[in-house]
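# Okay, sequence plus prediction incoming.
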Amino acid sequence: GQQLNQSPQSMFIQEGEDVSMNCTSSSIFNTWLWYKQEPGEGPVLLIALYKAGELTSNGRLTAQFGITRKDSFLNISASIPSDVGIYFCAGQSNTNAGKSTFGDGTTLTVKP
Amino acid sequence: DGGITQSPKYLFRKEGQNVTLSCEQNLNHDAMYWYRQDPGQGLRLIYYSQIVNDFQKGDIAEGYSVSREKKESFPLTVTSAQKNPTAFYLCASCRGNQPQHFGDGTRLSIL
């Protein structure tokens, strides 16, 4: 089946620093999604990307859909303590409507 | 407000017992999904349903069962055949090719 490699697995940064994480796939996706999960809660959608090359921002978050359709990255600028959580990428292909393949997550810790 | 409701938030199971986790959505979504999450790991798909009265096995269906008698509801039963059931269980739903929306999860522990 489709596999997603998400890196890094964890990050420990100082408040105010920028963060970058990425996902790569062995196969093509038509949609890339980025979610954030806080402790004891379900993942919440941050950004959805629908077109190769697309660059989308949501506040301090920016994500891009790679040109090859096999990768995506998420950047967080000027991190703050409430950015702490697990960030998941997910890919969807048109052949299986709505079904997503998830990366293993990047755990972000922000030190004040 | 529309959303996905999972209950209970915490659930305890005795050895050899079946337990059922509830997932209800009022978003009018056709598709619903169940995932298992273990500490430090990603989401693994247990079962999914794209239409009422139909469902498919995911990657780790053994020891679990589901039903989809109503569009709004997709309960998951963790059977006694599941030897390592302690985990965080997440339910999600979506319409068509849209992104999945998640509930807040149920944490299952063994007594």
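Good, I have the coordinates.

# Quick check: pLDDT value at residue B:110.
Looking at residue B:110, its pLDDT stands at 87.

# what about chain A, any weak spots by pLDDT?
Applying pLDDT under 70 to chain A picks out residues A:1-2, A:97.

# ok, now chain B?
Within chain B, the set of residues satisfying pLDDT under 70 comprises B:1-2.

# Look through it and state the residue closest to chain A.
Across chain B, the shortest distance to chain A (Cβ to the nearest Cβ) belongs to residue B:102, at 3.4 Å. Where you see a C-beta, it was placed from the backbone N, CA and C, and this is true even at glycine.

# Tell me the backbone dihedrals of that residue, please.
Residue B:102 has phi and psi values of phi -110, psi 150 when expressed as degrees, to the nearest 10.

# got the contact list for it?
Contact partners of residue B:102, counting by Cβ atoms under 8 Å, 6 or more residues apart in numbering or on different chains, are A:35, A:42-44, B:4, B:90-92.

# Okay, and the beta partners of residue 31?
Went with chain A since none was named. Taking DSSP bridges, one obtains residue A:92 as the residues bridged to residue A:31.

# To clarify, I was referring to chain B.
Assigned bridge partners for residue B:31, using DSSP bridges, are residue B:94.

# Same check on residue A:57?
Taking DSSP bridges as the rule, residue A:57 bridges to residue A:62.

# and the end-to-end length of stretch A:30-41?
Start-to-end span of stretch A:30-41 (Cα to Cα, to the nearest Å) is 27 Å.

# Would you mark the buried spots in it?
By neighbour count on 16 or more other Cβ atoms under 10 Å in any protein chain shown, the buried set for stretch A:30-41 is A:30-37.

# Then stretch B:33-49?
Within stretch B:33-49, the residues scored as buried using 16+ other Cβ under 10 Å are B:33-37, B:42-43, B:45-49.

# Now chain A against chain B: closest residue?
For chain A, Cβ to the nearest Cβ, closest residue to chain B: residue A:42, 3.4 Å.

# Skipping its backbone neighbours, what lies nearest that residue in space?
residue B:102 (3.4 Å; Cβ to Cβ, 6 or more residues apart in numbering or on different chains).

# Now do the one you found against residue B:28, distance only.
Remark: distance between residue B:102 and residue B:28 (Cβ to Cβ, to the nearest Å) = 17 Å.

# got it, and residue B:34?
Residue B:34 sits 19 Å away from residue B:28, going by Cβ to Cβ.

# For residue A:40, list the residues it contacts.
Contacts of residue A:40 by Cβ under 8 Å, 6+ apart are B:104-105, B:107.

# contacting residues for residue 31?
Looking at chain A here, since you left the chain open. Residues counted as contacts of residue A:31 (Cβ under 8 Å, 6+ apart) are A:48-50, A:91-93, B:97, B:99.

# nope, chain B please
Applying Cβ under 8 Å, 6+ apart to residue B:31 gives the contacts A:97-99, B:48-51, B:93-95.

# Tell me if I'm right that residue B:75 and residue B:67 touch.
Yes. If you go by Cβ atoms under 8 Å, residue B:75 and residue B:67 touch, sitting 6.2 Å apart.
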